[in-house]
Structure formats: C-alpha cells, structure tokens
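*Asks:* Using only what follows, build the 3D model:
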Amino acid sequence: MRILLLCLAFLAAVYANVNQVPVQYKNNGKVAEIQMSAESGNDMYQRWTNQAFSSLLAAVASRNLHHLSEVEQVTLEECSKAADNVIKHARCVRKVLEHRDKRKQNRVDALGRKKSTVVEKREGEWIGGIRIRRDVAKAEHYGLKTKTDGMTAFGAVAKVLNNVVLNQKNRTEPESWQMAVAKVRDSAHKRKAARKAFAERQEKGDLETLHQLAFRNLGQKHNMASELEDMIEKPDEMKKMIKDKKLKMMADPVGRMTNLVREGVRLGMSLAGENTTEFDEKSLNLISPRFFSVTPEQDKNGNGTVNVLSPSLLSLHNEGTGTENLTSLPTLIKGFNGRDQQEWLNFIVEAAGVSDQAEKLDTETEDINKIKSVDDYEKEVRGESGQPLYFTKQNVTDMYGDYEKRKVDTFEALSKTYTKQQLKEMNTTGFSVLTKEQMHLLYGKHSPYNHTESLHKFTNMTKTQITNRMEKDIELITQMDKFQVKQKDIVLSPFVLTPLVEVWPVLNTFVVLSPLVLSPIILSPAVLGPIILSPWVFVPLILSPRVLAPLILTPMIFSPLILSPLVLHPLILSPGIFNPLILTPLVLSPLILSPQVFTPLILSPLVLNPLILNPMVGSPLILSPFVLSPLILSPQALFALVLSPYAASPLIESKLIVSSLILSPSWLS
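*Replies:* Presented below is the predicted three-dimensional model:
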C-alpha cells in the first residue's frame, strides 16, 4: 500500500498550498523535494491512509452493487458523499453487506421450501472399472536398506533429536553440518570481496548509497575481524598483538588470576624438566577434560597447547592422536563408526541455528551487492530542469536508498504475475485476491515486506475466507471511535544524559538512528523493540530483560549488561568494547559479525547461542556454562574459560590464540 500511495507525492504540494500548510520547495536538479514540518507530514500521511482505506471500501461496495435495488444504490451514493471519515464510510458499506446477506437468506429460504427427490445408491453395487491383480515377487530372502544402516543406538538418539528440531522449524529435509559450515565460509569470502571492492570505491571517491552505508564497516581500515584474520596469517604481527594486549590484561583482576595460574603451571613444567620456551604463546587447558567430543583437537601435534589433566575421552571420532584415539568410541566399541559422529554434529549445528543464520547471511550479502537495472520512465510531467515530478525507481533510490527501491521492484514483479481473471476483477470491482505464489512473492523472506506470520495465515485461507475476513474488518472499523495512524518508532532521536528508568513503552518500539550516550537503561524490559544504527556509549543495561529485540549495526562501548536476560536477541554487525555481561543469561541470541574486545561473561549461561564469524579478544567466560553454542569461524584471542563447563559446543574452524581452560569440562564438543 505504501508504494501505491507514493504516487500522490506531487499532489502534496497542491494540498499544502490550498490548506496553507508551511512547506518549502527545493530543487537539486535530480528530484523535486517538498520540505514540511513533522506535523504537516503526519497530517498528509493520515489523509493518504484515509484515501487508501476509502478506496478499498468503495471497491467492496462496488463488488456487491448487483445485490442492491436502484433505490438502495442511490442511498449508498448519498451516504458515501456525506461520509467525511473512514468510519462513516465503513458504516455505509456495512449497510450494503447487510442488504446482500438479507437477500441471500431470503433466496435460501425460498429454495428450502422446494421439494427434492433423492435416489439412494444401493450398497455394494459396482459403479464400473477394472481391477488387475499384480503378481507377487518371490525370492529366497529380501534385504532392505534402512535409514539407520551403519549407525549405533548412540547415533540414532542424535538423529531423533535432529528430527525434533526440524519439526519445530517446519522443515523436513535435514542439512549436513559440512554444508552449513561451507555456507558460512562462502559468506565470509563474499564479505571479504565486498570489503575489498568497497575500499576501492572509497579510494575513487564514489558516493555511498544507504545500503552501502549499512555495510560501511566492511571498508573500515581498523576493522577488528580483518585485523585478526591478517594477524593469523602473519605470526610476527600476532606475537606483537599478544604482547601489547597481555600488558593491558594485567590490570584486570581476571587477567591477573589467569596469569597466576599460567605461571604456576609454567613453574611445575620447569621443575619436571619440560620445555617452556614458548609457553606464553600456547593455549592452556587445566583440569578441563572433553567427553564425547564430536570434533578432534585442533592442535593434533600438541605444539600450541598445554594440556594438564585435560584429556579427550570417549570421543565420537577416531581422528585424534594418543589418548584421544585410544579411548575413542570407534576404537572401544565394535561397529561404532563415523555415522554417529556425523549425526551428532548435524544435530548440534541444526539446533544451534547455524544453518538458518548462514542462509540469512548469504541472502543479506546477495541483496546488498546485487546490482539491479533501473527502468527509464518517460513521462510528460517534468520540472523546470527536466526532472520528473513523480516517483520513479531512480529518484526513489536516490532519496530513500536500496530498501525502498526493492519495494518498487517487488510490485513490478507482482504486476507481471497477474492473471486474466485478476485483471478483470480489478478493472470491474477495484481489487482481487492474490494467489499463494503471489503471496510468497509479496510476504516471503526475499521481500522487503517480509512477514512470516501474515504469509502463513493468508496461505492457509481460501479466497472466500479472505473476503469474509475483509468484511469482518470493515465491521470492526464501524465500531471504532477514531481512525488515526500513530507513529511509534523512534527515529533520529538521540538520548544524551537521559536516564531511562521504567520506560518500557518507549523501548518496545523500533529505535533507528538514535544514539544513546550516558543514558542508563534501568527496569525497562523490551519486547519486539529492535535497535538499528543506534550506537551505545556508556549505557549500562540493568534489570532490563529483552525479548525479540535484536541489535543491528549498533556498536556498544563501555555498556555493561547486568541482570538483563536476552532471549531471541541476536547481535548482528554490532561490535563492542568493554561490555561485560554479568548475571545475564543468553538464549537464542547469536553473535553474528559482532567482534568484541574485553567483553567478559560472568555468571551468564548461554543456550543455543552460536558465534558466527565473530572474533573476540580478551573476552573470558567465568562461571558461565553454555550448551549448543558452537563457534563457527570465530577466532578467539587471549581467551579464558574458567569454571564454565560446556556441552554440544564444538569449535569449527575457530582458532584459539593464547587461551586458557580452567576447570571447564566439556561434553559432545
């Protein structure tokens, strides 16, 4: 509806002059802009909305005109002319529907009085048709393959759990963990290429569009993810970084405690005659055994890791060395093979939502980088400089960016799918019901109007049910006291030195382009309140749980989270520095492309919380157990795991640099 209303933009100037609304006309050579106050803009948008609903009401009335007599049609016309708002117009249409239903009921009553004759079919009588009996195939014995061939009971448990997860996601076809990791890796390569292309465009001085601005961090020279990738490839720079960061960690109590443990282990190794020359560059695992691990230890040769009472026991694979291989289940149990390991890894990756996030990343990157052609609209209505005085795909993109352009593209694609019957209905009555394929195009995941709930609801309704639902909504409009559009989103409204205490209604809305500086959030829970492009600086979040309120493109600096559980709260493209999480459980809140520096998690359990393409530096986990939270392509530097057992959370292509595991056993990891 929004795109259809854009066609009235030029008429706003006429409306503004007639009603003496303070506006300013501006012409930059490409587009003609009409600048007005926020109050005038809201008033115009309200009139657009009223006109849209009145047009729909008129279309519904037009479709049912043939049920009315000439006198009733004249009455409807007079009622519609006298209606000066949507509610009064809806009441006029309701009378039309009441007359129609009354006529239909009279017709049904008349038909009910007619006599009818029914001929009953005799039971057991053949209607017709020929049945041919098929010969039975005979053999000495039969061998049918099952889905569990090559799998033990242990692997069957993982397969059952994986099927349960797939059912919850309304999916039937499972996906292997290798495929999910490959998708994430492919997305990383695409982002790396986009970052390189962005840097080249920036050097040439090309202007940024809004969709480029959304991914602006791809081209930052000091991007943390790219720096960490470069350091992994260059050992000399890695050693320099470790030395610099280690000095900073000595001022931190956790860093001092970790260093004390490491020095104690170093002293013990020296007394035992072990070589401790490169001990500072190695990862330390202290009393942190791994049980039922699904992936082998990354440092198979043991050159980069010091294991103290931290064996890998009863692993599901036989790819390890030493104790890990001798105590693995394939070695101990006859018939145990890699199929069980595969099923457990499939379950962990599927339950953690890695596949879903990988698809979103891939789709997001494709949508951002995809170059679409711009249609050339040849019209006669143009300004003094030749610019069109109406919305075209080109000036919509110039003014509002790629997101609004996608809306134009969506309706262009939709108009090409109209059937002859739909065109006939729209030309005669003014509206038609979309087919299921058209609904997927309009509300599907690739559409800017993506709305999964509406798509599921509409695709499960018949054409008659949708029409009946429209008529019920018209009835509801007639019962309203006031028909008014309200804007609740917070846009371009920065908060500076403004404590937000018990202001949950404010945070339960979209917050866009509204930075928060020195504004603590206290006792303000949020549900369905995403924060987009709104950086946080010194903004502690205290006793303020958040549900379905993701942070997108929202950097955070010195913003601790205390006693504020996060549920279904992903952090996407939101880097952070010095943001400790204390007594803040995370459930289904993955960190995606959100590098963190010195962000410890203390007494903060994690469940179904994967890290995807999310490097971290100096961010230990203390007394924070985690389950089904794998690390996918997320290197960790100066990392410590203290008294934090974990399960079903493997490291997949995620390098640990100078890490320490202390009293942190693991299972299925």
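*Asks:* can we go C-alpha only for contacts and neighbour counts from here?
*Replies:* Will do.
*Asks:* Is E319 in contact with P296, as I believe?
*Replies:* Yes: using CA atoms under 8 Å, E319 is in contact with P296, at 6.2 Å.
*Asks:* quick one: which of the two has more around it?
*Replies:* A count of neighbours by other CA atoms under 10 Å puts P296 above the other of E319 and P296, at 20 against 15.
*Asks:* three-state assignment of the residue nearest to the more buried one when sequence neighbours are not counted?
*Replies:* Leaving aside its chain neighbours, P296 sits nearest to G320 (5.4 Å; criterion: CA to CA, 6 or more residues apart in numbering). Following DSSP: H, G, I helix; E, B strand; the rest coil, G320 is assigned to coil.
*Asks:* so how far does stretch 650-665 reach from one end to the other?
*Replies:* 13 Å (CA to CA, to the nearest Å).
*Asks:* which residues do E319 and P296 both contact?
*Replies:* Here E319 and P296 have no joint contacts, going by CA atoms under 8 Å, 6 or more residues apart in numbering.
*Asks:* Next one: the residue nearest to P296 from L601, what distance?
*Replies:* For G320, the distance to L601 (CA to CA) stands at 31 Å.
*Asks:* Walking through the stretch 351-500 of the chain, point out its helices one by one.
*Replies:* 354-369, 393-400, 402-415, 420-428, 436-443, 452-459, 463-478 (DSSP state H, counting those that start in this stretch).
*Asks:* out of those, nearest to K88?
*Replies:* Closest to K88 of these, according to CA to CA: helix 463-478, at 7.1 Å.
*Asks:* relative to helix 452-459, how tilted is that closest one?
*Replies:* Using axes from the mean of the first three to the mean of the last three CA atoms, to 10 degrees, the inter-axis angle of helix 463-478 relative to helix 452-459 is 120 degrees.
*Asks:* can you list the residues that contact helix 463-478?
*Replies:* Under the criterion CA under 8 Å, 6+ apart, residues 57, 86-88, 90-91, 93-94, 433, 458, 483 lie in contact with helix 463-478.
*Asks:* run the last query once more with 6 Å
*Replies:* Residues outside helix 463-478 that contact it (CA atoms under 6 Å, 6 or more residues apart in numbering) are 87, 90-91.
*Asks:* if I've got this straight, S564 is in a helix?
*Replies:* No: counting by three-state DSSP, S564 falls outside a helix, being coil.
*Asks:* R546 is in contact with that one, correct?
*Replies:* No: S564 is beyond contact range of R546, at 7.1 Å (criterion: CA atoms under 6 Å).
*Asks:* Find the residues that touch each one of the two.
*Replies:* Common neighbours of S564 and R546, counting by CA under 6 Å, 6+ apart, are absent.
*Asks:* quick one on the thing from earlier: now the residue nearest to P296: phi and psi?
*Replies:* Note on G320: backbone dihedrals following degrees, to the nearest 10 are phi -80, psi -170.
*Asks:* so it touches P311, yeah?
*Replies:* No: judged on CA under 6 Å, G320 makes no contact with P311 at a distance of 11.3 Å.
*Asks:* And K81, how far from A58?
*Replies:* Distance of K81 to A58, given as CA to CA: 11 Å.
*Asks:* Who has more neighbours out of those two?
*Replies:* More crowded of K81 and A58, by other CA under 10 Å: A58, with 18 against 10.
*Asks:* What residues sit buried inside the helix or strand hosting that one?
*Replies:* Element membership of A58 [criterion: DSSP states H and E] is helix 38-63. Residues 41, 44, 46, 48-50, 52-54, 56-62 are the ones in helix 38-63 that count as buried (16 or more other CA atoms under 10 Å).
*Asks:* and of the residues you listed, the nearest to A352?
*Replies:* Taking CA to CA as the measure, A352 lies nearest T49 of the buried residues of helix 38-63, at 42.1 Å.
*Asks:* For the closest one, give me the pLDDT.
*Replies:* Turning to T49, the model gives it a pLDDT of 85.
*Asks:* distance of it from V86?
*Replies:* Per CA to CA, T49 is found 9 Å from V86.
*Asks:* which other helices and strands contact the one helix or strand V71 maps to?
*Replies:* The secondary structure element spanning V71 is helix 70-82 (assigned by DSSP H and E). Using 3 or more CA pairs under 6 Å, 6 or more residues apart in numbering; DSSP states H and E as the contact criterion, helix 70-82 has no neighbours among helices and strands.
*Asks:* ok, residues contacting that helix?
*Replies:* Residues outside helix 70-82 that contact it (CA under 6 Å, 6+ apart): 89, 92.
*Asks:* Helix 38-63 and that one, what's the angle between them?
*Replies:* For helix 70-82 against helix 38-63, the angle by the same axes, to 10 degrees is 180 degrees.
*Asks:* I'd like the next helix or strand past helix 70-82.
*Replies:* Where DSSP H and E defines the elements, the next helix or strand beyond helix 70-82 is helix 86-112.
*Asks:* For the next helix or strand after that next one, buried residues please.
*Replies:* Downstream of helix 86-112, the first helix or strand assigned by DSSP H and E is helix 153-168. Going by neighbour count (16+ other CA under 10 Å), the buried part of helix 153-168 is 155-156, 158-159, 161-163, 165-166.
*Asks:* And for stretch 311-322?
*Replies:* Under the neighbour-count criterion of 16+ other CA under 10 Å, stretch 311-322 has 311-318, 320-321 buried.
*Asks:* and that stretch, C-alpha only, in CSV?
*Replies:* The C-alpha trace of stretch 311-322 is given here as CSV (Å, rounded to 0.1, in the frame of the first residue of the first chain):
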residue,chain,number,x,y,z
PRO,A,311,42.2,-35.5,28.3
SER,A,312,39.7,-36.1,25.5
LEU,A,313,37.8,-39.2,26.4
LEU,A,314,35.1,-41.3,24.7
SER,A,315,35.2,-39.1,21.6
LEU,A,316,32.8,-39.9,18.7
HIS,A,317,35.6,-40.0,16.2
ASN,A,318,38.9,-41.7,15.6
GLU,A,319,40.7,-38.8,14.1
GLY,A,320,42.7,-37.8,17.2
THR,A,321,46.0,-39.0,18.4
GLY,A,322,47.3,-40.5,21.6
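*Asks:* what does that stretch contact?
*Replies:* With CA under 6 Å, 6+ apart, stretch 311-322 has contacts from 289-294, 296, 324-325, 327-329, 341.
*Asks:* In this structure I612 contacts I592, no?
*Replies:* Yes: with contact defined as CA under 6 Å, I612 counts as touching I592 (5.0 Å).
*Asks:* Understood, closing this out.
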